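> how does the following fold in three dimensions:
(one chain, ligands or ions: 2)
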Amino acid sequence: MLLELKKVFLVENEALKAEYELDLHDMDFNGTKPLKTPIKVKANAVNRAGVVNLAVSAGFDYSAPCDRCGEETITSFCYSFNHTLVQSLAGENEGDYIETPDFTLDLDELVTTDILLELPLKHLCREDCKGLCPKCGKNLNLGECGCDLREVDPRLEALKNLL
Ligand SMILES: [Zn+2]
Ligand SMILES: [Zn+2]
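Ligands and ions are numbered 1, 2, ... in the order given. Okay, here's the model as predicted:
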């Protein structure tokens with residue numbers, strides 16, 4: 001969605017709200033396409049004392065296999081972002097400033113970039129996911145498999161044989 005912000009830039013206290021759904025189901029992240037359902041985007045641009053502020057919220061479900069056990073897991077996120085919009089950066093290179101020389105802003109691109117920077121690199125079905133047994137591959141969240149996973153020190157083993 002393109003935001004036409006000319007009026008907001010030119011008139012103090014002027015505001016522009018937008019609410020829409022952004023489809024990113026084809027976007028690749030960490031080798032999966034986790035954004036299967038549309039992102040619910042809300043944006044609010046306000047001119048306060050001549051400075052245009054943009055507040056964006058993005059709510060979405062992130063679905064990907066758990067990093068430890070491989071179980072498909074959906075987590076809901078709601079991110080909020082704030083940016084200051086300027087017509088020209090004029091040497092200001094702070095990350096939160098966004099240049100909008102022709103008063104239009106590509107909101108899709110902005111939301112996509114913001115989300116990509118925030119997405120978790122670790123994705124677990126639950127905090128204490130037990131993962132898979134390294135021996136038999138059983139999902140240990142579903143119960144113990146009975147494998148003996150104690151590390152055997154070969155030196156101790158040799159000693160045991162001597163005794
Ligand atoms: Zn898991
Ligand atoms: Zn096992």
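> now do the SS call for E144.
Using DSSP: H, G, I helix; E, B strand; the rest coil, the structure places E144 in coil.
> helices and strands around the helix or strand harbouring V41, which ones?
Applying DSSP states H and E as the criterion places V41 in strand 39-48. If you count contacts as 3 or more Cβ pairs under 8 Å, 6 or more residues apart in numbering; DSSP states H and E, strand 39-48 packs onto helix 6-10, strand 15-22, strand 51-65, helix 107-118. In short, each C-beta sits where N, CA and C put it, glycine included.
> the longest one close to ligand 1?
No. Strand 51-65 lies apart from ligand 1 when judged by Cβ under 5 Å from the ion; the minimum separation is 8.4 Å.
> can you give me the buried ones in that strand?
For strand 51-65, the neighbour count (16 or more other Cβ atoms under 10 Å) marks V52, N53, L54, V56, A58, F60, Y62, S63, A64 as buried.
> and which of those residues is nearest ligand 2?
Nearest to ligand 2 among the buried residues of strand 51-65 is A64, at 24.5 Å by Cβ to the ion.
> contacts only, for that closest one.
Neighbouring residues of A64 by Cβ atoms under 8 Å, 6 or more residues apart in numbering: N30, T32, P34, E72, T73, H123.
> bridged to it, which residues?
Assessed by DSSP bridges, A64 has beta-bridge partners T73.
> state the distance from V41 to L3.
Distance, V41 to L3, using Cβ to Cβ, to the nearest Å: 11 Å.
> repeat for L16
Applying Cβ to Cβ to L16 and L3 gives a distance of 7 Å.
> center of the chain, which residue is that?
For the chain, the residue nearest the mean C-alpha position is L119 (2.1 Å; Cα atoms, centre = their mean).
> that residue - nearest residue in space that isn't next to it in sequence?
Nearest non-adjacent residue to L119, counting by Cβ to Cβ, 6 or more residues apart in numbering: F29, 5.9 Å away.
> hmm, L117 and that neighbour touching each other?
No. If you go by Cβ atoms under 8 Å, F29 and L117 don't touch, sitting 11.3 Å apart.
> so those two - more neighbours on which side?
F29 (16 against 10; other Cβ atoms under 10 Å).
> name all residues that make contact with that one.
Taking Cβ under 8 Å, 6+ apart as the test, what F29 contacts is L35, L116, L119.
> next up, the contacts around G59.
Neighbouring residues of G59 by Cβ under 8 Å, 6+ apart: I39, K40, S76, F77, C78, Y79.
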